[in-house]
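Visitor: After the sequence you'll find the predicted model.
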Amino acid sequence: MTDPTISAAAANGGPAGSIYDIGYRRYEGTRLGRAHAIRSLFFHSLRSSYGIGRGGRAKIAPIILGVLAILPAVGIVAALTLFAQFGGGEEFNDQVPIRFDTYAGTISTIVILFCAAQAPELFGRDQRHGVLALYFARALRRSDYALARIGGFMSALLILELVPQAILFLGRVLLTPDIPKAVGDDLPSVGPVLAQSALAAGLLGGLSMVVSAFTPRRAYAVAGIIALFTIPNVVAGIVVGLGSSTIGTWLTLSSPTAILDGTNAFLFDTRLDSDFFFIDLPGIAFIGAAVVGIAGSIAITLRRFARIAT
Amino acid sequence: MPLISIRNLTKRYGGSITALDSLTVDIEPGIVGLVGSNGAGKSTLLKILLGLLGATSGEATVLDLDVRTRGTDIRQRVGYMPEHDCLPPDASATDFVSHMALISGLPRTAARERTAEVLRHVGLYEERYRAIGGYSTGMKQRVKLAQALVHDPVLLLLDEPTNGLDPSGRDEMLELIHRIGVEFKIAVIVATHLLGEIERVGSHLVAIEGGRLLRSAPLHEFVEQTGTLAVEVDEGAPSLAARLAAEGLEVVVDGRAVLVDAADERPYDLVRDAVAELGLPLVRIERRRHRLEDLFRDVPTAAVEPSGGGGQP
């Protein structure tokens, strides 16, 4: 298909070098629609959350935080390997403090730091540099854009939560002599692990996306996200400490991390071992609060992008 | 069927500011200059045509698609280069343009191929693998153009494409626009406040002012009305004008210059004699090349800057 254009260029008496210029070619191939655009933006958001496609410096924070999130699982598996060789694995397994029902809590600080570091990159960047105008000038709707970005970020968090626990699961299962029994032991945890990770990714991801949607300036967004995840917790603690346990209990539901502690206890059927967050509330209230938080943050973000001027 | 059809299009912001005032015009394929001073309503019009902004009243179709209801379909077939910065500094041109190709609906392989091709057409070579943050303004403008072109649109909407470019960058951009329109056979609408640029690349001109249509005609019809002689004097412009008017010439005073309608050779002698007799300090006599600007100078509402600096907010 290049031949006619080459001869055309030659016929036009172009310079000798221009035979390499095959001119403009029309695109006659398939054009995929809106769904393809949404999917592409979703995966772009997911990859950007880990700094992929954004240059070396953008990868530092996600790599460090990712390694930190995996470290406990790798440590446990390493210890299990040692015990498997020298015996005593059973006792170790019973006493180790990092289990499926505690893993989400163990790495929650890392997940929060990941949110603070990466969420502002997704929404803030597009607003700061005016890229939003280019997205909206394509087949995407405004809501498509917001949902693809949120979905991509939540999925990134879900990976951050689940990969270490998958390592933990594989380690525990493969390093015991009786694999079917180990699978049987751990299988009941899979449901709660998935549910808890999804709630954590949804709630922490959703809220940090709200903050970064309204705060294009990166530094403010980072501070805002950290404040959102720590201050309610502190306030609730102080109020309970002052003796008002009723108000304190309800304030607990304004703290994302406390909500996730509650859902974790409910899903794994363990006690909340906190000093002040007391369980006048049924476990399902925490689940409810998490779901409301996730739905609310998606709704607020959609509204934000429906109105933002480009 | 015209490429773009606009009927009584009105856009008001907040009830008081009128950006477009019952604008009616048809636009045919070609390189069309959408000319007006800053705030004339050019950017607003482009956004309405893309279906990004709702009109207050009136209607418009692009490629026979209604802008109010078929915005998504329009945007799939139209490329848009905004006036302001719109590039992420930490991505490379290749990554960014191919990402935009995907968002425009191209499959992954095609997106990569088209990106390489389009970046070559706009003149970005080795540097396309470097982060955009380190680019010059000229290179950034090329990337902006490339992302608008990557999905092979039927129509390109360019908003002040030469903004911030130095003279040689400006020439290259105009050359590129000319190639896109003539060689690539893509219809182009160039919104600009610089008439001279359209004169160089355009085939048709749509002039708007205060949200209203001033004139829409093939470019040669504008340029054909040449023959304005600008006589610039340090002082005494009004008396010179009065003197020339008495001789039966069409004259307009423009600051220190007197614009004389010079259809033939006669006015030259008259101007020479008048200046000499009045003893005026003559600075220069020149034929106005950019006759297009007179279009705006003649607007009764007069609050017009024929040329000016930066863009709208």
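Guide: Looks like it came in fine.
Visitor: And for the closest residue to chain B within the stretch 151-300 of chain A, the neighbour number?
Guide: When scored by CB to the nearest CB, the stretch 151-300 of chain A has A:R218 as its residue closest to chain B, at 11.9 Å. The way it works is simple: take the backbone N, C-alpha and C, and place the C-beta from them, glycine included. Neighbour count for A:R218, taken as other CB atoms under 10 Å in any protein chain shown: 15.
Visitor: And for it, nearest residue in space, chain neighbours not counted?
Guide: Computed as CB to CB, 6 or more residues apart in numbering or on different chains, the closest residue to A:R218 that is not its neighbour in sequence is A:P120, at 4.7 Å.
Visitor: Next, that neighbour: secondary structure please.
Guide: Reducing the assignment at A:P120 to three states with DSSP: H, G, I helix; E, B strand; the rest coil gives helix.
Visitor: Could you count how many residues lie near it?
Guide: The number of residues packed near A:P120 is 28, by other CB under 10 Å.
Visitor: which phi and psi does the closest residue to B:G236 other than its chain neighbours have?
Guide: Spatial nearest neighbour of B:G236, excluding adjacent residues (CB to CB, 6+ apart): B:L280 at 4.5 Å. When quoted as degrees, to the nearest 10, the phi and psi of B:L280 stand at phi -90, psi 140.
Visitor: quick one: buried residues of the strand or helix carrying A:L168?
Guide: Secondary structure here is read from DSSP states H and E; on that basis A:L168 sits in helix A:142-174. The neighbour-count check on helix A:142-174 (16 or more other CB atoms under 10 Å in any protein chain shown) flags A:142, A:144-162, A:164-165, A:167-169, A:171-173 as buried.
Visitor: which residues in chain B form helices?
Guide: Read by DSSP state H, chain B holds these helices, from start to end of the chain: B:42-49, B:71-77, B:93-103, B:108-121, B:137-149, B:167-182, B:195-201, B:219-223, B:237-246, B:266-278, B:292-297.
Visitor: Tabulate those helices (a markdown table), appending mean pLDDT, mean neighbour count and distance to chain A.
Guide: What follows is the helices of chain B, written out as a markdown table (pLDDT from 0 to 100; neighbours: other CB atoms under 10 Å in any protein chain shown; distance: least, CB to the nearest CB, whole Å):
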| stretch | mean pLDDT | mean neighbour count | distance to chain A |
| --- | --- | --- | --- |
| helix B:42-49 | 94 | 25 | 8 |
| helix B:71-77 | 91 | 20 | 5 |
| helix B:93-103 | 95 | 24 | 4 |
| helix B:108-121 | 95 | 18 | 5 |
| helix B:137-149 | 95 | 24 | 6 |
| helix B:167-182 | 93 | 17 | 8 |
| helix B:195-201 | 84 | 20 | 17 |
| helix B:219-223 | 72 | 16 | 23 |
| helix B:237-246 | 88 | 17 | 45 |
| helix B:266-278 | 87 | 15 | 42 |
| helix B:292-297 | 58 | 19 | 28 |
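Visitor: Might you report the residue contacts of B:R128?
Guide: Residues near B:R128 by CB atoms under 8 Å, 6 or more residues apart in numbering or on different chains: B:S92, B:A93, B:T94, B:L119.
Visitor: contacting residues for the closest residue to chain A within the stretch 151-300 of chain B?
Guide: Minimum separation of the stretch 151-300 of chain B from chain A (CB to the nearest CB) falls at B:D152, amounting to 3.7 Å. Taking CB under 8 Å, 6+ apart, we find B:D152 in contact with A:R26, A:Y27, B:R114, B:I186.
Visitor: Grab the two from those that are most spread out in space.
Guide: Within those, B:R114 and B:I186 form the most distant pair, 13.7 Å apart (CB to CB).
Visitor: middle-most residue in chain B, spatially?
Guide: B:T192 (2.5 Å; CA atoms, centre = their mean).
Visitor: Show me what that residue is bridged to.
Guide: Beta-bridge partners of B:T192, counted by DSSP bridges, are B:V35.
Visitor: For it, which residues are in contact?
Guide: With contacts taken as CB under 8 Å, 6+ apart, B:T192 has the following neighbours: B:G33, B:L34, B:V35, B:K42, B:E160, B:P161, B:T162, B:I198.
Visitor: now for the strand or helix carrying A:W250, which elements pack on it?
Guide: Using DSSP H and E, the secondary-structure element containing A:W250 is helix A:245-252. Taking 3 or more CB pairs under 8 Å, 6 or more residues apart in numbering or on different chains; DSSP states H and E as contact, the helices and strands that helix A:245-252 lies on are helix A:218-241, helix A:256-268.
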